[in-house]
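Undergrad: For reference, the sequence and a predicted model appear below.
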Amino acid sequence: MSASRRARVFERLDDAVLIVFAAPVTYRNNDVEHDYRQDSDFFYLTGFHEPDASVVLRKVGGETSTTLFLRPLDPEKERWDGPRLGVERAVTQLGVDEAFPMGELSQQLPKLLEGARKIHHALGKQSTQDTEVLNALKAVKRRARLGSTAPHAIEGLDSTLHECRLRKTEDDLEPMRRAATISSEAHVLAMAKAQPGMFEYEVEAELLAHFRRCGSDRVAYGSIVGSGENATVLHYRGNNRQMQAGELLLIDAGCEFGHHASDITRTFPVSGTFTGEQRALYEIVLEAQKQSIQATKPGATAEVIHDTSVRVITQGLLDLGLLTGTLDQALEQKTYRNFYMHRTGHWIGMDVHDVGDYTVDGAPRPLEPGFVLTVEPGIYVTEQVNVDARWKGIGIRIEDDILVTPTGFENLTAATPKEITDIEAACRG
Ligand SMILES: [Mn+2]
């Protein structure tokens, strides 16, 4: 799998060397580490879970090679932290051409850079990594005076590796579908479990338990479980309020499976039945989301998808009297932003906010088969907005993960109920 991924990256290299480092270990306090999660770029190229490693893809004169640097075996440390792959096994197990101990990177990297015109490296991400690359460049430049060629530019990973990650293949879609299924089930479970009087964290616990029970490694991002007015806080993280009868509960939660993310938002009534106001706003968001999903196809842009939602939401708010004036005025003056202030989606893949440029030559990027993006319009009526009190404190978002196919789209998270009758049925359990 990593070999075919590397092959696609090599197609985008031209007399260049691409360097990616494993995610560093970070500490919570003293010797207690934060949970380790491999860097997605590194994992894409290697399928390798260990920290303190680096991979170098070199393509010069049409010849390609992959060199991995990793921790050597260390029986004493392995007794504490578990087995390491080790240099000897790396070549056969990971299918790379060569492997060296990480300690030899500074010696080997200048040799790998020699003859290349360009370095692809995520400059500015980690200063220690930058130093490693710049020192190697300095070393090869010194040698260049003796006749060899040194790279004359450092470029990021956007035009090479990230273009590949943006285009999902079956190797990506299989874990993405699994993540989507697990997350979808968790949302259905949450709808059944949530009751007035429960705390938001009790619902969060149900989500997390289901993720882990299904073999998910971790959440793809911090879960948002926001009841009542908390649903209007876009990045609400407290998850500690007691839910009251008659309120809505907004859950934005998705698990990671096989290093791939899912991202689902659903909003449902804690008591199991929408009130009139909740229903009226919910139907607008649902219609906006459906129309935006329908607009998803090759050649369309994230801009078109966003504008579709904005138009439906603005018209809906005008119809209910939450906005005034004509549709054109409200769109022109952007008054809808008091209720809908975020974008309608983002790329999703190994990372929940995945890599990939959103514009090409300054223009919105046309979608291609294999792109996966979220479609997640919402309406949020905070206490500050000048509307009738009965609308206040209602926050609604509906989010699915949409794969662009040759003929249109496939909704990877379609199994999660979102029609009002289906949601109310799921709330009854
Ligand atoms: Mn999202």
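TA: Arrived safely, thanks for sending.

Undergrad: Straight-line length of stretch 42-52, end to end?
TA: For stretch 42-52, the first-to-last residue distance is 11 Å (C-alpha to C-alpha, to the nearest Å).

Undergrad: and that stretch, average pLDDT?
TA: Throughout stretch 42-52, pLDDT has a mean value of 98.

Undergrad: Could you give the number of residues near residue 312?
TA: 20 (other C-beta atoms under 10 Å). Heads up, the C-betas are built off the backbone N, CA and C, glycines and all.

Undergrad: tell me which element it falls in.
TA: Residue 312 belongs to helix 302-320 when elements are defined using DSSP states H and E.

Undergrad: So what touches that helix?
TA: The contact list for helix 302-320, computed with C-beta atoms under 8 Å, 6 or more residues apart in numbering, reads 280-281, 283-285, 287-289, 291-292, 295-296, 323-327, 330-331, 335-336, 339-340, 343-345, 358, 364-365, 367, 373, 375, 377, 379, 391.

Undergrad: So which of the residues you listed belong to helices?
TA: Within those, membership in helices is found for 280-281, 283-285, 287-289, 291-292, 327, 330-331, as judged by DSSP state H.

Undergrad: What is the burial count for the residue of the stretch 51-200 of the chain found nearest the ion?
TA: The nearest approach of the stretch 51-200 of the chain to the ion comes at residue 183, 11.7 Å away (C-beta to the ion). Neighbourhood size, residue 183 [other C-beta under 10 Å]: 31.

Undergrad: and it, how far is that from residue 38?
TA: Applying C-beta to C-beta, to the nearest Å, the value for residue 183 to residue 38 is 21 Å.

Undergrad: one step back: and the ones in helices among the contacts of helix 302-320, which are buried?
TA: Buried members of these, scored by 16 or more other C-beta atoms under 10 Å, are 280, 281, 284, 285, 287, 288, 289, 291, 292, 330, 331.

Undergrad: now those residues as CSV including distance to residue 113 and pLDDT?
TA: Listed next are those as CSV, based on distance: C-beta to C-beta, whole Å; pLDDT from 0 to 100:
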residue, distance to residue 113, pLDDT
280, 62, 98
281, 57, 98
284, 56, 98
285, 52, 98
287, 55, 98
288, 50, 98
289, 48, 98
291, 51, 98
292, 46, 98
330, 56, 97
331, 52, 98
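
Undergrad: Which one of those is nearest to the ion?
TA: Of all these, the ion sits closest to residue 289, with 12.3 Å by C-beta to the ion.

Undergrad: How about that closest one: what's its closest non-neighbour residue?
TA: residue 398 (4.7 Å; C-beta to C-beta, 6 or more residues apart in numbering).

Undergrad: what's near enough to touch the one you found?
TA: Counting by C-beta under 8 Å, 6+ apart, residue 398 has contacts 265, 266, 267, 285, 286, 289, 376, 377, 378, 418.

Undergrad: A strand includes residue 65, no?
TA: Yes - using DSSP: H, G, I helix; E, B strand; the rest coil, the assignment for residue 65 is a strand.

Undergrad: For it, which residues count as its bridge partners?
TA: Beta bridges link residue 65 to residue 58 when assigned by DSSP bridges.

Undergrad: That one touches residue 91, doesn't it?
TA: No - contact between residue 65 and residue 91 fails when scored by C-beta atoms under 8 Å: they sit 11.8 Å apart.

Undergrad: So for the two, which residues contact both of them?
TA: 97, 98.

Undergrad: Quick check: mean pLDDT of the helix or strand where residue 131 lies?
TA: In this structure, residue 131 is located in helix 127-144 according to DSSP H and E. Average pLDDT, helix 127-144: 93.

Undergrad: Other residues contacting that helix?
TA: With contact meaning C-beta under 8 Å, 6+ apart, helix 127-144 is reached by 19, 21, 24, 54, 105-106, 109-111, 113-114, 119, 121-124, 148, 150-151, 154.

Undergrad: Work out the gap between the next helix or strand after it and the centre of the chain.
TA: From helix 127-144 onward toward the C-terminus, using DSSP H and E, the following helix or strand is strand 153-155. Centre-to-centre, strand 153-155 and its host chain are 26 Å apart (C-alpha atoms, centre = their mean, to the nearest Å).

Undergrad: Alongside the ion, which residues does the stretch 301-429 of the chain contribute?
TA: Counting by C-beta under 5 Å from the ion, the residues of the stretch 301-429 of the chain close to the ion are residue 374.

Undergrad: For the residue of the stretch 301-429 of the chain found nearest the ion, which non-adjacent residue is spatially closest?
TA: Across the stretch 301-429 of the chain, no residue is closer to the ion than residue 374, which sits at 4.3 Å (C-beta to the ion). Of all residues not flanking residue 374 in the chain, residue 345 sits nearest, at 4.3 Å (C-beta to C-beta, 6+ apart).

Undergrad: Make sure that neighbour is actually in contact with residue 378.
TA: No - Residue 345 is not in contact with residue 378 according to C-beta under 8 Å; the separation is 11.5 Å.

Undergrad: Which residue of those two possesses the greater neighbour count?
TA: Comparing residue 345 with residue 378 by other C-beta under 10 Å, the one with more neighbours is residue 378, at 27 against 24.
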